[in-house]
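Trainee: No letters, just coordinates:
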């Protein structure tokens, strides 16, 4: 609807002055940023490499040759972390959505489940993940139940899923509660049942709103799958640990850390962008 | 003429605040009843009670002779027969204009997609919004959004249309495009109850004007009678203030 910019237009001399002033300011800011970065990073690096223990640290943490040698075992471990993240992430999504819906429903038939869901969220959100992993990993096999696998990868995944479902359920629930009641009123006044209102009107808007925090949780999930190594799962952390304890060279830990960062940093950058887009969209939502 | 809506002696309070006090109202078929009164006089609450969005504390509401204030009634079925349009439009921002309109016919009335889309497109064309079908609500002006909201409630062919200050969130230039739809519907014979601050418009469409104050109807009658020759001193006072604000 906006009119095309007139092609005959050329900027006034005042506008040209303003532009060159803006360029001068941004050049000056770039120089200040470069100088301050050089000073701060240079100081930090020189403190590290002039320290008395630097030679030892270099050998035990940054041994390039050894790093290359352990790389295949660490990356094989990382594959376990990734599998755990995606399979676990799917289960978490399903369970968390059910918990969030249970906690926001008013249906009288579901009252006992609503209480159970609240108790579940309180317990698993409140207890440290590492304790849940230990309890599930060592407690469940001790029960000697038939039909439940005592595989540590399975039990580790269950523990992570239990805890993360509680976190994610709360994120989804906050999204549901953030949808203005007028949306519900509009849907109900059209004759939609409360279930249809949730399904077609509230939930699609709620999920869209909580995508950025969910992406954040997904990054945390990938990192926290490293904790299942305490059960003896040979993930990236455990693989690094095995190598390090054989040689007393800690380079494998650095290799594992770098591999995790290679995945998590792009993911967090993407999340930040999603959050920015979300904020921009919201500001143009106007009356709605 | 049969009464579509019959309200007898309803009462509604929020906490200690009495919002509707022993209010009665009859709305015959094909007529428009206009509610006027200051903010907080109970107009919106009355409309929300009719639509069962609020439950009443006492009294009865009948729709086509059936008591809808009975707690065992299926509220979803009642609301299918009532169209409601809100001051703040309340379109669904994640759905296109067309999807906003077809949602209820498809999910509530069980129409298939083609059928619902054809009916919705016909309504959009009739009200000059045919080219907006695939737009999202936030790309439309306030007046266009409110027209879509009216069409959305019409898509269910309601027995009674409830309009709650539908032009109060619009700038004066856009008010008329929304009100002209309501005039069209009135001449089609749609039965409506509307709350408004547009006194000129009230004069044009109202078969009956009710002046609400403190949750009760203080004066009722034809638009000529209530808006131009009010008998009650409170009505006179209200209209004098509206006149000062330049809205009459």
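Mentor: Happy to help now that I have it. Please read these numbers as outputs of a predicted model, since none were measured by experiment. Residues are numbered from 1 along each chain as shown, chains lettered A, B, ... in the order given.
Trainee: I'd assumed residue A:115 was in contact with residue A:102.
Mentor: No. Assessed by Cβ atoms under 8 Å, residue A:102 is found out of contact with residue A:115, at 9.5 Å. Just so you know, the C-beta spots here come from the backbone N, C-alpha and C atoms, and that holds for glycine as well.
Trainee: Show me which of those two is the more surrounded one.
Mentor: Between residue A:102 and residue A:115, counting by other Cβ atoms under 10 Å in any protein chain shown, residue A:102 is the more crowded of the two (20 against 12).
Trainee: What residues of the longest helix anywhere in chain B count as buried?
Mentor: For chain B, the helix with the greatest residue count under DSSP state H is helix B:172-188. By neighbour count on 16 or more other Cβ atoms under 10 Å in any protein chain shown, the buried set for helix B:172-188 is B:174-175, B:177-179, B:181-182, B:185-186.
Trainee: Spit out the contact partners of residue 193.
Mentor: If you meant another chain, say so; for now it's chain A. residue B:76 (Cβ atoms under 8 Å, 6 or more residues apart in numbering or on different chains).
Trainee: oops, I was thinking of chain B
Mentor: Going by Cβ under 8 Å, 6+ apart, residue B:193 touches B:5, B:25, B:27, B:32-33, B:35, B:47, B:50, B:160-163.
Trainee: got it, and residue B:224?
Mentor: Residues in contact with residue B:224 (Cβ under 8 Å, 6+ apart) are residue B:203.
Trainee: go on, residue A:137?
Mentor: With contacts defined as Cβ under 8 Å, 6+ apart, the neighbours of residue A:137 are A:152, A:155-156, A:159, A:228, A:230-231.
Trainee: where does chain B have low pLDDT?
Mentor: When the per-residue scores of chain B are filtered using pLDDT under 70, the ranges that remain are B:1, B:246-248.
Trainee: Now do the strands in it.
Mentor: Counting by DSSP state E, chain B has strands at residues B:3-14, B:17-28, B:32-36, B:58-63, B:66-67, B:82-85, B:160-164, B:192-195, B:208-213, B:216-221.
Trainee: got the ones you listed as TSV, with distance to residue B:136 columns?
Mentor: Rendered in TSV, the data for the strands of chain B read as follows (distance: least, Cβ to Cβ, whole Å):
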stretch	distance to residue B:136
strand B:3-14	35
strand B:17-28	35
strand B:32-36	32
strand B:58-63	34
strand B:66-67	38
strand B:82-85	19
strand B:160-164	24
strand B:192-195	27
strand B:208-213	36
strand B:216-221	40
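Trainee: what's the closest of these to residue A:79?
Mentor: When the strands of chain B are compared for distance to residue A:79 using Cβ to Cβ, the nearest one is strand B:82-85, at 55.6 Å.
Trainee: any weak-confidence spans in the stretch 1-150 of chain A?
Mentor: In the stretch 1-150 of chain A, residues with pLDDT under 70: A:1-7.
Trainee: For chain A, which segments count as helices?
Mentor: Taking DSSP H as the criterion, chain A carries its helices at A:13-50, A:54-61, A:64-104, A:111-126, A:129-134, A:140-143, A:152-178, A:181-189, A:194-196, A:203-224, A:236-247, A:251-283.
Trainee: Which among these is found nearest to chain B?
Mentor: Using Cβ to the nearest Cβ as the measure, helix A:181-189 is the one of those that comes nearest chain B, at 3.7 Å.
Trainee: Establish whether the closest one and chain B are in contact.
Mentor: Yes. Part of helix A:181-189 sits close enough to chain B to count as contact by Cβ under 8 Å from any Cβ of the partner chain, namely A:182-183, A:185-189.
Trainee: buried subset of these?
Mentor: Under a neighbour-count criterion of 16+ other Cβ under 10 Å, the subset of these counted as buried comprises A:183, A:185-189.
Trainee: which one among those gets closest to residue A:147?
Mentor: Using Cβ to Cβ, residue A:187 comes nearest to residue A:147 of those, at 43.5 Å.
Trainee: pretty sure that closest one is touching residue A:204, no?
Mentor: No. Taking contact to mean Cβ under 8 Å, the distance of 11.5 Å between residue A:187 and residue A:204 leaves them out of contact.
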